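Trainee: The amino acid sequence is not available; the structure is as follows:
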């Protein structure tokens, strides 16, 4: 009986150690908001001003499994829908679920944008606002044995936090730049380093990309994404995708001091596309995980009229 209990405690401690290693890395890099490798296809999740930018109704579904093999590692699903409206307005909605260790969060956000013409070359500047909320749950004993000797706080059940964010998005036929603050309000998140609930700091997002025509059939699409949280190291992503015959895309990405990534995409028909990214971890978690996987599918409800060329795919 005592041997069995000891084995359970040992197993629980091993799982807990892996979880703490993962969550400490998250804390160090201030990864309180979900991290995406294919941010260039999931732009509205990082900038509300992008709503309606494609010029037609668009729906995107994304799944990300981060640090596969590590107990309690981040796991995220996103459903995003947006469309242009009359009078230069765009409207979008996002439903997402993000699980991290003992915590889980369901978010529902509405995005609205207003776009103005900047010059005769069809350059546009969009202003965006995000309003919504998050339902936050924490079960501190999730995945642990009943006799785990940990001084956790009380669990949190269905705690609601409102969300207010804003962004700017500038795009031309061949490039784009964006800046956003996803939430101006203080919220609670699980701090893996301190094993407690902590208040989130403001996040600042910068995004940009360009389309370079090498030949009529080959386009290069460099892009970057920067996440800055005061008091924490800056997270910087660089990517380079090649688009062949407007159908196949492949590329490489690097997240500073964290991972290398490969990206693949396919325009299955004029309306339907899909993509996959694999992250090879280079941080201190490299020996504990097989990497991260991210998959998206997107459907664009294009009309028979010629659509504007979007710089993101």
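Mentor: Yep, that arrived. Computed from a prediction, not measured in an experiment: that's the story for all the values here.
Trainee: All the strands of the stretch 101-250 of the chain, residue numbers only.
Mentor: Remark: strands assigned in the stretch 101-250 of the chain by DSSP state E, counting those that start in this stretch are 103-117, 124-138, 156-171, 175-181, 188-191, 196-199, 204-210, 212-215, 218-228, 235-244, 248-255.
Trainee: Turn those strands into CSV, columns for distance to residue 62 and mean pLDDT.
Mentor: To be clear about C-beta, it is placed using only N, CA and C from the backbone, and glycine gets the same treatment. Formatted as CSV, those follow (distance: least, Cβ to Cβ, whole Å; pLDDT from 0 to 100):
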stretch, distance to residue 62, mean pLDDT
strand 103-117, 13, 94
strand 124-138, 17, 93
strand 156-171, 19, 92
strand 175-181, 18, 96
strand 188-191, 21, 53
strand 196-199, 27, 52
strand 204-210, 16, 96
strand 212-215, 26, 95
strand 218-228, 15, 96
strand 235-244, 16, 96
strand 248-255, 16, 96
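Trainee: right, and those strands - which one's nearest residue 261?
Mentor: strand 248-255 (4.0 Å; Cβ to Cβ).
Trainee: partners of the closest one, with directions?
Mentor: strand 235-244 (antiparallel), strand 259-267 (antiparallel) (DSSP bridges).
Trainee: Just put those in TSV and tack on distance to residue 51 and mean neighbour count.
Mentor: Formatted as TSV, these follow (distance: least, Cβ to Cβ, whole Å; neighbours: other Cβ atoms under 10 Å):
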stretch	distance to residue 51	mean neighbour count
strand 235-244	22	18
strand 259-267	22	18
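Trainee: could these go into TSV alongside distance to residue 68?
Mentor: Shown next, in TSV, are the strands paired with strand 248-255 (distance: least, Cβ to Cβ, whole Å):
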stretch	distance to residue 68
strand 235-244	20
strand 259-267	13
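Trainee: May I ask you to confirm that residue 249 is in contact with residue 264?
Mentor: Yes. Residue 249 is within contact range of residue 264, at 7.1 Å (criterion: Cβ atoms under 8 Å).
Trainee: Touching both of the two, which residues are there?
Mentor: residue 275 (Cβ atoms under 8 Å, 6 or more residues apart in numbering).
Trainee: sorry, back to before: which one of the strands paired with strand 248-255 lies closest to residue 49?
Mentor: strand 235-244 (19.3 Å).
Trainee: Compute the inter-axis angle for the closest one and strand 218-228.
Mentor: If you take axes from the mean of the first three to the mean of the last three Cα atoms, to 10 degrees, strand 235-244 sits at 170 degrees to strand 218-228.
Trainee: Please enumerate residues in contact with strand 235-244?
Mentor: 29-31, 35, 37, 39-40, 217-228, 249-256, 258, 261, 263, 265, 313.
Trainee: Kindly write the ChimeraX command that selects the buried subset of those residues.
Mentor: Selecting only the buried entries of those in ChimeraX, with 16 or more other Cβ atoms under 10 Å as the criterion:
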select :29,30,31,35,37,39,40,219,221,222,223,224,225,226,227,249,251,253,255,258,261,263,265,313
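Trainee: Buried residues, the one helix or strand residue 90 maps to. List them.
Mentor: Secondary structure from DSSP states H and E places residue 90 in strand 89-100. Residues of strand 89-100 classed as buried by neighbour count (16+ other Cβ under 10 Å): 90, 91, 92, 93, 94, 96, 97, 98, 99, 100.
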